[in-house]
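A.B. asks: sequence first, then the predicted structure, then my questions.
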Amino acid sequence: MTGEGFAAPVVATYGGTDPAAPLVVLLHGRGSNEQDILGLAAHLPVGPAYAAVRAPIA
């Protein structure tokens, strides 16, 4: 959902594209971004798809 005054959501993904695979959503803290936290996905189990969403959202 994009409304007036809001930037388009930014999502970074890693892993497979199988719609039946589990999805793990990675949340970053302040001072970081979706690319930083997604760097951890290479060290996590193979199989799930990983996604990170930009925050904070006003």
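C.D. replies: Great, that's in hand.
A.B. asks: just give the closest residue to G16, not the sequence neighbours.
C.D. replies: The spatial neighbour of G16 that comes closest, neighbours along the chain excluded (Cβ to Cβ, 6 or more residues apart in numbering), is A49 at 5.6 Å. C-betas here are computed from N, CA, C, even on glycine.
A.B. asks: list the residues that contact the one you found.
C.D. replies: Contacts of A49 were listed using Cβ atoms under 8 Å, 6 or more residues apart in numbering, and they are 13-18, 21-24.
A.B. asks: one more pass at 7 Å, please.
C.D. replies: Going by Cβ atoms under 7 Å, 6 or more residues apart in numbering, A49 touches 13, 15-17, 21, 23.
A.B. asks: what is the burial count for T17?
C.D. replies: By the measure other Cβ atoms under 10 Å, the count of residues near T17 is 7.
A.B. asks: sec struct for the closest residue to D36 other than its chain neighbours, please.
C.D. replies: Distance criterion Cβ to Cβ, 6+ apart; nearest residue to D36, sequence neighbours excluded, is H28 at 6.0 Å. Assigned by DSSP: H, G, I helix; E, B strand; the rest coil, the conformation of H28 is coil.
A.B. asks: and V24, by the same measure?
C.D. replies: Assigned state for V24: strand (three-state reduction, three-state DSSP).
A.B. asks: contacting residues around the residue most central in space within the chain?
C.D. replies: Relative to the mean C-alpha position of the chain, the nearest C-alpha, by Cα atoms, centre = their mean, is the one of A52, at 1.1 Å. Neighbour list for A52: 12, 26, 28, 34, 37-38 [criterion: Cβ under 7 Å, 6+ apart].
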